[in-house]
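Novice: need coordinates for the following:
(one chain, ligands or ions: 1)
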Amino acid sequence: MALQIVNLVLNEAKKNQAKKIVEVNLILGKFTFLGKEQLRFSYKILTENTIMEGSTLRIKELEGKVRCKKCGYEGPLKHENDLAFHFIIPTLACPRCENITEIIQGKEFFIKNIRMKS
Ligand SMILES: [Zn+2]
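Specialist: Below is the predicted model:
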């Protein structure tokens, strides 16, 4: 995932003939189950010896939200703050009525913007 980001940024930099990447702003939904620290670590390694080396990676996390068609519940899942939740595939049961819900927020993973120097 970090590799995708780095490749995307390098591509953009090329298009804009940038010489240096200053900052990358990333949006990361909680339902992607990507660890922020893991991402930062990979980013640092992957950007070494590129024009991205030393750039700031800012990650904005988006809460996971679901919607229940049956009772109208909209909000986080019950187990979201449970540590174990991050290691299992979440059951998308509604916290109110246990009906299956749909994800309305939290699967996002994209670059919001890039600051570069030409
Ligand atoms: Zn419900």
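Novice: who does residue 110 bridge with?
Specialist: Counting by DSSP bridges, residue 110 forms beta bridges with residue 27.
Novice: for residue 35, see how far away it is.
Specialist: From residue 110 across to residue 35, the span is 17 Å (Cβ to Cβ, to the nearest Å). In this view, the C-beta of every residue, glycine as well, is placed from N, C-alpha and C.
Novice: again with residue 64
Specialist: 15 Å.
Novice: more neighbours, the two?
Specialist: Legend: neighbour count by other Cβ atoms under 10 Å for residue 64 and residue 35, higher for residue 64 (22 against 12).
Novice: which ones are touching the most centrally placed residue in the chain?
Specialist: Centroid-nearest residue in the chain: residue 28, 1.8 Å away (criterion: Cα atoms, centre = their mean). Residue 28 sits next to 34, 36, 39, 59-62, 108-109 when contact means Cβ atoms under 8 Å, 6 or more residues apart in numbering.
Novice: so how far is stretch 109-118 from its chain's centroid?
Specialist: Centre-to-centre, stretch 109-118 and its host chain are 14 Å apart (Cα atoms, centre = their mean, to the nearest Å).
Novice: same question, stretch 25-43
Specialist: Its chain's C-alpha centre and that of stretch 25-43 lie 5 Å apart, by Cα atoms, centre = their mean.
Novice: next, the buried residues of that stretch.
Specialist: By neighbour count on 16 or more other Cβ atoms under 10 Å, the buried set for stretch 25-43 is 26-32, 34, 39, 42-43.
Novice: need the CA coordinates for it. CSV is fine.
Specialist: The C-alpha trace of stretch 25-43 is given here as CSV (Å, rounded to 0.1, in the frame of the first residue of the first chain):
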residue,chain,number,x,y,z
ASN,A,25,-1.4,14.3,2.9
LEU,A,26,-3.1,11.0,3.1
ILE,A,27,-6.6,10.0,4.0
LEU,A,28,-6.9,6.7,5.7
GLY,A,29,-10.1,5.0,6.6
LYS,A,30,-10.2,2.8,9.7
PHE,A,31,-11.8,-0.1,7.7
THR,A,32,-8.7,-0.4,5.6
PHE,A,33,-7.0,-1.9,8.6
LEU,A,34,-3.7,-0.4,7.7
GLY,A,35,-1.6,0.5,10.6
LYS,A,36,-0.5,4.1,10.6
GLU,A,37,2.9,3.3,12.1
GLN,A,38,3.5,0.5,9.6
LEU,A,39,2.7,2.8,6.8
ARG,A,40,5.0,5.5,8.0
PHE,A,41,7.8,3.0,8.4
SER,A,42,7.4,1.6,4.9
TYR,A,43,7.1,5.1,3.5
